[in-house]
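Novice: let's see this in three dimensions:
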Amino acid sequence: MIFATFNYAATYAIVRHLSTEFTIFQLVFFRSLCGVVFMAPWLFQVGIGILKTDHFGSYAVRSSLNYGGMLLLVFALATLPLQDVTGLMFTSPLFTVLFVALILGEGAGPRRWAALIIGFMGAMVIIRPGFQELSWGALGVIGTSCAYALINVSTKKLAKTDSSNKIVYYDFLLMSVLGVIPAIWFWNEIRAEHLVWILAMGIFSALARQGIIRALAVGEASVVMPFNFLKLPFTVCLGFVFFAENPDLWTGIGAAVIFGSSYYIARREAAIKRAQAAKPPV
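Specialist: As a prediction, the model looks like this:
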C-alpha cells in the first residue's frame, strides 16, 4: 500500500506537469491507452475469449462513469494544489458507503451515519466555503469521488462473476474507445520529449493499481488501508519540490478527519462481519 500511494502521488504530479501541454481529453486517453497496452500480455496469456460477458451494459456504464470521473480529476489536478486534490479524494469511500446504503439497500446504523457526516465536514474544512472562493476544481474532485463511489458499488456486483483483471481491462479498453474522438478533436501536438512523461504516467498509474490489488490480496483492508493516508504527505512533498506549493494546515486537518471517518467505518464493518461469522448456525 505504501508503494501504491507513492505511485499515485507520482501519477498526480506527472498529470499536473503534462496538463500545461495537453488537454484533459488527451491525458485521459493516454492513461487509458497505456492501461490497454500494459495489460496486453495478460490478454495474450488467457486468450481473447475471456472478454466474453453477459454484463456488457454494466461495463459500459462503469466505464462511462470512470471516464467522466477521470476527466474531472485531471481538470482538478491542473487547477488545484496536489494536496487539496488528494485530501478531497479521500471522500470516495464515504460516498461509497452512502451509495451502498441508498442503492443496494444495505442498512447503515446511527454510528455509520454519524461517521459519514463527520467525514463530509472534513471535506468542508478543505474547501472552506465562505472563507475562500469555491472553485470548479474542488467541485470536480467531489464529482470524481462520487463517480468512483458508484464504480465501487458496481464492482461489488461484477466481482461475483468476473475476475479483477477482466474488470480492469474492460475499464481501460472502453475508456480508450470513449476517449479517442474527444482526444482527436481537442488534440495538441505531441513532441518527442513528451513521450517519456506519457509513458511514465502510464507506468506509475499501473504500478499504483497493482500495488493496491496486491496489498488487499495479502492483507485485511482494515490493516492496509490506513497506509493509504501516506498519499497526502507524498503529494505535499512533490507539490512543494516541483510546483512550489506550500503545505496547508487546513488541508491536512480536513484530510485527517475524512480519512479517520472512512477508517472507522471500515473497522466497524469488519467487526460486524466477524461477529456475524462467529454466530453459530441456526
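Novice: can you give me the helices in this protein?
Specialist: With DSSP state H applied, the chain shows helices at 2-18, 24-38, 40-46, 56-79, 82-89, 92-103, 110-127, 136-158, 164-185, 192-218, 221-224, 231-243, 249-278, listed in chain order.
Novice: need those in JSON lines with mean neighbour count and mean pLDDT, can you?
Specialist: (Each C-beta comes from the backbone N, C-alpha and C, glycine too.) As requested, these are exported to JSON lines (neighbours: other C-beta atoms under 10 Å; pLDDT from 0 to 100):
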{"stretch": "helix 2-18", "mean neighbour count": "22", "mean pLDDT": "93"}
{"stretch": "helix 24-38", "mean neighbour count": "22", "mean pLDDT": "93"}
{"stretch": "helix 40-46", "mean neighbour count": "12", "mean pLDDT": "92"}
{"stretch": "helix 56-79", "mean neighbour count": "20", "mean pLDDT": "92"}
{"stretch": "helix 82-89", "mean neighbour count": "27", "mean pLDDT": "90"}
{"stretch": "helix 92-103", "mean neighbour count": "19", "mean pLDDT": "79"}
{"stretch": "helix 110-127", "mean neighbour count": "17", "mean pLDDT": "85"}
{"stretch": "helix 136-158", "mean neighbour count": "20", "mean pLDDT": "84"}
{"stretch": "helix 164-185", "mean neighbour count": "18", "mean pLDDT": "91"}
{"stretch": "helix 192-218", "mean neighbour count": "16", "mean pLDDT": "85"}
{"stretch": "helix 221-224", "mean neighbour count": "16", "mean pLDDT": "68"}
{"stretch": "helix 231-243", "mean neighbour count": "19", "mean pLDDT": "92"}
{"stretch": "helix 249-278", "mean neighbour count": "16", "mean pLDDT": "80"}
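Novice: ok, for the residue nearest the centre of the chain, nearest residue in space, not its chain neighbours?
Specialist: The residue lying closest to the centre of the chain (C-alpha atoms, centre = their mean) is Tyr148, at 6.2 Å. Spatial nearest neighbour of Tyr148, chain neighbours left out: Ser92 (4.7 Å); criterion: C-beta to C-beta, 6 or more residues apart in numbering.
Novice: how near is the one you found to Arg112?
Specialist: Ser92 sits 16 Å away from Arg112, going by C-beta to C-beta, to the nearest Å.
Novice: what's the span of stretch 76-87, first residue to last?
Specialist: With C-alpha to C-alpha, to the nearest Å applied, stretch 76-87 spans 12 Å between its terminal residues.
Novice: Provide the contact partners of it at residue level.
Specialist: Contact with stretch 76-87 is made by 9, 12-13, 15-16, 19-20, 24, 73, 88, 126, 135-138, 140-141, 144, 231-232, 235-236, 238-239, 243, 245, 247-248, 251-252, 254-255, 258, as judged by C-beta atoms under 8 Å, 6 or more residues apart in numbering.
Novice: coming back round to it: quick one: contacts for the residue nearest to the centre of the chain?
Specialist: 65-66, 69, 92, 95-96.
Novice: quick check: Thr79 vs Cys146, distance?
Specialist: 18 Å.
Novice: how about Val168?
Specialist: 21 Å.
Novice: ditto for Leu238
Specialist: 26 Å.
Novice: before we move on, what about Ala78?
Specialist: If you go by C-beta to C-beta, the gap between Ala78 and Cys146 works out to 20 Å.
Novice: now swap in Leu139 and tell me
Specialist: Counting by C-beta to C-beta, the gap from Leu139 to Cys146 is 10 Å.
Novice: ditto for Phe95
Specialist: Taking C-beta to C-beta, one finds Phe95 at 5 Å from Cys146.
Novice: repeat that for Phe44.
Specialist: Counting by C-beta to C-beta, the separation of Phe44 from Cys146 is 36 Å.
Novice: ok, Ile48 next?
Specialist: Ile48 sits 33 Å away from Cys146, going by C-beta to C-beta.
Novice: now Glu193
Specialist: Glu193 is 36 Å from Cys146, by C-beta to C-beta.
Novice: now swap in Pro93 and tell me
Specialist: 12 Å.
Novice: for Ile181, same thing?
Specialist: For Ile181 relative to Cys146 (C-beta to C-beta), the value is 25 Å.
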